[in-house]
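A.B. asks: Okay, predicted coordinates and the sequence, questions at the end:
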Amino acid sequence: MTPGKVVTKLLRAVDLMRSGAPLVQMHTREGLRWYVVPGGQVPPRIAKELLARPDVQPSQDGLFPGISQTFRLRRAPPAGRAEGPR
């Protein structure tokens, strides 16, 4: 996380996540904050839009079951391949 940087555009945040950067929820002295790491802080409005996307999935890494702090962009399967277990 780079101090001072703010990702202010949804498409920029998606591009960063597409390259493998996760969306991370952190508790700071100023309260709850969202970051794309690496990239920078994400305003709450953009974090909410990212979390509403069906391709942004929780990593199930929270302290308690069902609570995630990290979210990743699910990669699309190669063309012609169906998703799901085999």
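C.D. replies: Everything's here; your move. Numbers count the residues shown, from 1 in each chain.

A.B. asks: and the residue most central in space within the chain, what does it touch?
C.D. replies: The residue lying closest to the centre of the chain (Cα atoms, centre = their mean) is Leu23, at 2.5 Å. With contact set as Cβ atoms under 8 Å, 6 or more residues apart in numbering, Leu23 has these partners: 13, 17, 34-36, 42, 47, 50-51, 56, 70-72. C-beta here means a position set from N, CA and C on the backbone, and glycine is covered the same way.

A.B. asks: what about 6 Å?
C.D. replies: Counting by Cβ atoms under 6 Å, 6 or more residues apart in numbering, Leu23 touches Val36, Leu50, Phe71.

A.B. asks: Dump those residues to JSON lines, plus secondary structure and distance to Asp61.
C.D. replies: Output for those, formatted as JSON lines (DSSP: H, G, I helix; E, B strand; the rest coil; distance: Cβ to Cβ, whole Å):
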{"residue": "Val36", "secondary structure": "strand", "distance to Asp61": "16"}
{"residue": "Leu50", "secondary structure": "helix", "distance to Asp61": "17"}
{"residue": "Phe71", "secondary structure": "strand", "distance to Asp61": "10"}
